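A.B. asks: test case, fold it:
(chains A and B)
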Amino acid sequence: MTFLIGENMVGGYGGTDILNGCSIRVDLGDIAVVVGPNGAGKSTAMKAIFGMLNLRSGKISIGGEDITALAPFERVKKGMAFVPQTHNVFTSMTVEENLEMGAFINTGPIAGIMEQIYELFPVLKEKRHQCAGELSGGQRQQVAVGRALMTEPKLLMLDEPTAGVSPIVMDELFDRIIEVARTGIAVLMVEQNAKQALAIADQGFVLVQGENRYTDSGTALLRNADVRKAFLGG
Amino acid sequence: METLLNPLVLLANFILVPGLAYGSQLALGALGVTMVYAVLNFSNFSHGEIMSFGAMCTILATYWLQSIGLSISPLPTALLALPFGILGAIGLCLLLDRLVFRFYRHQRASSVTYLIVSIGVMFVIGGVIRFIIGPDDRNFNDGDRFLLKARAFKEISGLSEGLAIKSSQAITVITAVIVVAAIFWFLNRTRTGKSMRAYADNQDLALLSGISPDRVVSITWVITAGLAAIAGTLYGLDKSYKPLIYFHLLLPIFAAAIVGGIGQPLGAILGGYIVAFSEVAATYAFKKFLRYLGPEGWSPEDLVQLLSTEYKFAVSFLILVLVLLIRPTGLFKGRVL
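C.D. replies: Numbering: from 1, shown residues only, chains lettered A, B, ... in the order given. So this is what the prediction gives:
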């Protein structure tokens, strides 16, 4: 039984469909990466899975439970967490307050979870009393991921987490994401840096025009000559 | 020594003390405006009338308390009645949100639409207030008038200039300090307060974190109404209650919020005092003050007054225009209107 299943999703904004029946699955402890050309519907698929877009048809289930009709904040309670591509931190609040707000639905003690996040991202502990808006791009992304992890999710969704960060920071972020997945969390991410992302992916989805073009393990997709030629620049 | 102290006492009496009291009233008003702007994203022009409504409820409760003989003399009965004023204003704001503002929020109306809606709301509340309590001046301050009388100060200090502190001025400043401290504690230390800041900072992300917008909005109205009722009552205690005066207060209040950077609570407080002191200083006649500084027997020919008091609102207007031209974000980097 796969943990997250988004099946035959069809939908878009206004009249035109952007998703034309694409399917995405992730299991607990795995990393799934969605790649594809611009306008393929990668981010739209993420929004659909998180309930920020109404589907015309298709079904989304998590742990066997159908959540197609739930609002985004209800999905947060079901164990889903989402890191948007931009505006993903509270810039006027300190790092610690950002994490605290991440755990808003959790009314119990949160010191333990926060400590785990600081272990994962040691630099955040150093800067915990600084405003998130004053941090560098890479550190901000860490705050954003940390905030999402505060709800102790079972599924972490990342929309282009490495957009606009340097290659070194990107490698480090990917390392952290692998660590997150090893704790048994399902990770689903959309990436522009397709090669690097597929290298760490257990499962890869190549979307074209809102449909699945290739679906395989990350390494198999990297070896696939057609995929390399069309989507990974040779 | 006395030649130096006399002009300072003169300034303290005519600028420092009234400026502090007026500044505190503006600061509380601007704090409410700025919070609505930060959380609900619009300039609430009905804020002046909400202050007036809160003050009206306090006055009615004061009359009732007086009629049953309750008094906390030497303090004004209005302080005891203030909770009723706050409750009245909270009820009004929640009702308005339910009937009017919520509709536009769900439509994701533009801020200009909101602004015009709030002007309409302002006229309606203004009408209701005049309907209930009438347009007349009302003095409801039944406490001791002075904390420190000018003559008493002269006797104690032996100076020729007096320093008077009205009890309403002292009450205003003390209340403002307590309220502002409480608001900042709430915003920075409590989970609910932080969730309000988070919502103001980034609505979408707040939603992703499971913060309920309806709750944040309701709490914002409760706090705004509380601030408005307190500010309105303090202003009425200090200068007597007159329904129309709160409409005129809108300009200095918005000037204060914008000078400080709209959306920034700390800016609203600072802005309140900047506007108040500018207004008081620009309309004060410095003749006597300069006479102390000049040589013996010399006196300036005219009053040395920048503006006559009828034009005091021009000061707020000038500040507003200058800030918008030179530094639209205000002192504390608020949002641009």
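A.B. asks: A:Arg25 sits in which helix or strand?
C.D. replies: Taking DSSP states H and E as the definition, A:Arg25 sits inside strand A:19-26.
A.B. asks: ok, residues contacting that strand?
C.D. replies: Residues from elsewhere that reach strand A:19-26 (CB atoms under 8 Å, 6 or more residues apart in numbering or on different chains): A:2-12, A:32, A:34, A:41, A:44-45, A:48-49, A:55, A:58, A:155, A:186-188, A:203, A:205, A:207, A:209-212. Any C-beta I mention is one placed from the backbone N, CA and C, and that applies to glycine too.
A.B. asks: please redo it, this time with the cut-off set to 7 Å
C.D. replies: A:2-12, A:32, A:34, A:41, A:44-45, A:48-49, A:155, A:186, A:188, A:203, A:205, A:207, A:209-212 (CB atoms under 7 Å, 6 or more residues apart in numbering or on different chains).
A.B. asks: and the buried ones among those residues, selectable in PyMOL?
C.D. replies: Buried residues within the contacts of strand A:19-26, by 16 or more other CB atoms under 10 Å in any protein chain shown, are selected in PyMOL with:
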select buried, chain A and resi 2+3+4+5+6+9+10+11+12+32+34+41+44+45+48+49+155+186+188+203+205+207+210+212
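A.B. asks: what parts of chain A come near chain B?
C.D. replies: Residues of chain A lying near chain B by CB under 7 Å from any CB of the partner chain: A:72-73, A:76-77, A:82, A:87-88, A:90-93, A:97, A:100-102, A:104-105.
A.B. asks: mind doing that once more with 10 Å?
C.D. replies: Within reach of chain B by CB under 10 Å from any CB of the partner chain, chain A has these residues: A:50, A:52, A:71-77, A:80-84, A:87-94, A:97-98, A:100-107, A:132-133, A:144, A:147-148, A:150-151.
A.B. asks: buried set for stretch A:128-138?
C.D. replies: A:128, A:131-132, A:135, A:138.
A.B. asks: oops, could you answer that again for stretch B:175-183 instead?
C.D. replies: Buried, per 16+ other CB under 10 Å, within stretch B:175-183: B:175-176, B:179-180, B:183.
A.B. asks: tell me how many other residues crowd the residue of the stretch 1-150 of chain B at minimum distance from chain A.
C.D. replies: Nearest residue of the stretch 1-150 of chain B to chain A (CB to the nearest CB) works out as B:Ala38 at 9.8 Å. For B:Ala38, the tally of surrounding residues (other CB atoms under 10 Å in any protein chain shown) stands at 22.
A.B. asks: and the pLDDT at it?
C.D. replies: Here the pLDDT value assigned to B:Ala38 is 93.
A.B. asks: among the buried residues of stretch B:175-183, name the ones in helices.
C.D. replies: B:175-176, B:179-180, B:183 (DSSP state H).
A.B. asks: just those now: which is nearest B:Phe313?
C.D. replies: The shortest approach to B:Phe313 among these belongs to B:Ala176, at 21.7 Å (CB to CB).
A.B. asks: does the closest one really touch B:Gly23, like I thought?
C.D. replies: Yes: at 8.5 Å, B:Ala176 counts as touching B:Gly23 under the criterion of CB atoms under 10 Å.
A.B. asks: pretty sure A:Lys59 sits in a strand.
C.D. replies: Yes: looking at A:Lys59 with DSSP: H, G, I helix; E, B strand; the rest coil, it is inside a strand.
A.B. asks: setting aside sequence neighbours, what's the nearest residue to it?
C.D. replies: A:Glu7 (5.0 Å; CB to CB, 6 or more residues apart in numbering or on different chains).
A.B. asks: tell me if I'm right that the one you found and A:Ala48 touch.
C.D. replies: No: between A:Glu7 and A:Ala48 there is no contact under CB under 10 Å: 11.2 Å.
A.B. asks: state which helix of chain A is the longest.
C.D. replies: helix A:167-182.
A.B. asks: surely B:Pro135 meets B:Phe247?
C.D. replies: No: contact between B:Pro135 and B:Phe247 fails when scored by CB under 10 Å: they sit 11.6 Å apart.
A.B. asks: neighbour count winner among the two?
C.D. replies: Remark: of B:Pro135 and B:Phe247, B:Phe247 carries more neighbours, 15 against 11, as counted by other CB under 10 Å.
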